[in-house]
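**Q** Predicted coordinates and the sequence they were generated for:
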Amino acid sequence: MLILVTNDDGVRSPGIRALADALKGLGRVVVVAPDRNRSAVGHALTLERPLRAEELKPDVYAVDGMPTDCVNLGIHGLIRQTPDLVVSGINCGSNVGDDITYSGTVCAAMEASLMGLPAFAISLDCTQFNQDDLTLAAGFSRQVAEHVLSKGLPPDTFLNVNVPAGGCRGMQLTRQGKRKYGDLVTTNKDPRGRHYYWIGGGDVGFESIPGSDCNALHEKMISVTPLHTNLTNDDSFAALQDWALGVKA
């Protein structure tokens, strides 16, 4: 078995080391990850400059690009072999609800899924890693990997896994929830009196939706959410069909 491991926190993150170590007994594990923190880059792909990769040690590569770059470059340029599984994480911080649209961790798994490969992302609900929580998340990663490798995933499906910190009551299969974002932009002045702006400073909450990833994580359950890339809102068709839109010559 060949397993490709990546993340968006950077190749030196304790999370990716714990993940790679947990998966090593299942086959050859190759780490291809950004050379620095690339959090919240979403599904960004580097197209206007060349990428460079440094082999830090056998089967561990640092790439000066995005998580999506790492999946592409790892498969087509560095390993030159199709992995049996792609795993992204362990991310420091949860990725639930609308977070997944920003998350480089989740989008790396999405990129693998677009290539037709089984994949999952895993995140730990923390602001910094605690060894007990990291051990739990790594052990659960191995369980998920074993199941995916033996049973596969449904077509056009990848998994988004979120692990609570400070205790766990079990696992729940969930749906994507809904985040509530506060004032995300903080404004301040530098010593020269010029304004600067910092995105991401507001409080983040969630809508209480039973069966959602947000609720499960709040209730100290590991959330496992099956995702796919089709974003069509089928429920909107009835309303939009009444629009009198036409093409004028």
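**A** Yep, it's here. Residues are numbered from 1 along each chain as shown.

**Q** any idea where the strands of the protein begin and end?
**A** The residue ranges that make up the strands of the chain, judged by DSSP state E, are 2-6, 28-34, 53-57, 60-63, 85-92, 119-124, 158-163, 170-173, 179-181, 185-189, 195-199, 204-206, 221-227.

**Q** where's Ile222 relative to Val87, distance?
**A** With the distance defined as C-beta to C-beta, to the nearest Å, Ile222 ends up 15 Å from Val87. Every C-beta, even on glycine, is put in place using the N, C-alpha and C of the backbone.

**Q** what about the two, which has more around it?
**A** Shown here are Ile222 and Val87; by other C-beta atoms under 10 Å, Val87 has more neighbours (32 against 23).

**Q** That one and Ile122 touch, don't they?
**A** Yes. In this structure Val87 lies within contact range of Ile122 using C-beta atoms under 8 Å: 7.0 Å.

**Q** overlap in contacts of the two?
**A** Each of 19, 141 lies in contact with both Val87 and Ile122 under the rule C-beta atoms under 8 Å, 6 or more residues apart in numbering.

**Q** Just give the nearest non-adjacent residue to Thr46, would you?
**A** On the basis of C-beta to C-beta, 6 or more residues apart in numbering, the spatially nearest residue to Thr46 that is not a chain neighbour turns out to be Gly65, at 4.6 Å.

**Q** Next up, the contacts around that neighbour.
**A** By C-beta under 8 Å, 6+ apart, the contact list for Gly65 reads 34, 46, 51, 73.

**Q** want to throw the strands of the chain into JSON lines with mean pLDDT?
**A** Conversion of the strands of the chain to JSON lines gives the following (pLDDT from 0 to 100):
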{"stretch": "strand 2-6", "mean pLDDT": "98"}
{"stretch": "strand 28-34", "mean pLDDT": "98"}
{"stretch": "strand 53-57", "mean pLDDT": "97"}
{"stretch": "strand 60-63", "mean pLDDT": "98"}
{"stretch": "strand 85-92", "mean pLDDT": "98"}
{"stretch": "strand 119-124", "mean pLDDT": "98"}
{"stretch": "strand 158-163", "mean pLDDT": "98"}
{"stretch": "strand 170-173", "mean pLDDT": "97"}
{"stretch": "strand 179-181", "mean pLDDT": "84"}
{"stretch": "strand 185-189", "mean pLDDT": "88"}
{"stretch": "strand 195-199", "mean pLDDT": "89"}
{"stretch": "strand 204-206", "mean pLDDT": "84"}
{"stretch": "strand 221-227", "mean pLDDT": "98"}
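
**Q** what would those strands look like in CSV with distance to Ala22?
**A** Formatted as CSV, the strands of the chain follow (distance: least, C-beta to C-beta, whole Å):
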stretch, distance to Ala22
strand 2-6, 10
strand 28-34, 9
strand 53-57, 18
strand 60-63, 15
strand 85-92, 9
strand 119-124, 10
strand 158-163, 12
strand 170-173, 16
strand 179-181, 29
strand 185-189, 37
strand 195-199, 33
strand 204-206, 28
strand 221-227, 15
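
**Q** ok, back up a step: quick one, which of the contacts of Gly65 are buried?
**A** Restricting the contacts of Gly65 to buried positions leaves 34, 73, with burial counted as 16 or more other C-beta atoms under 10 Å.
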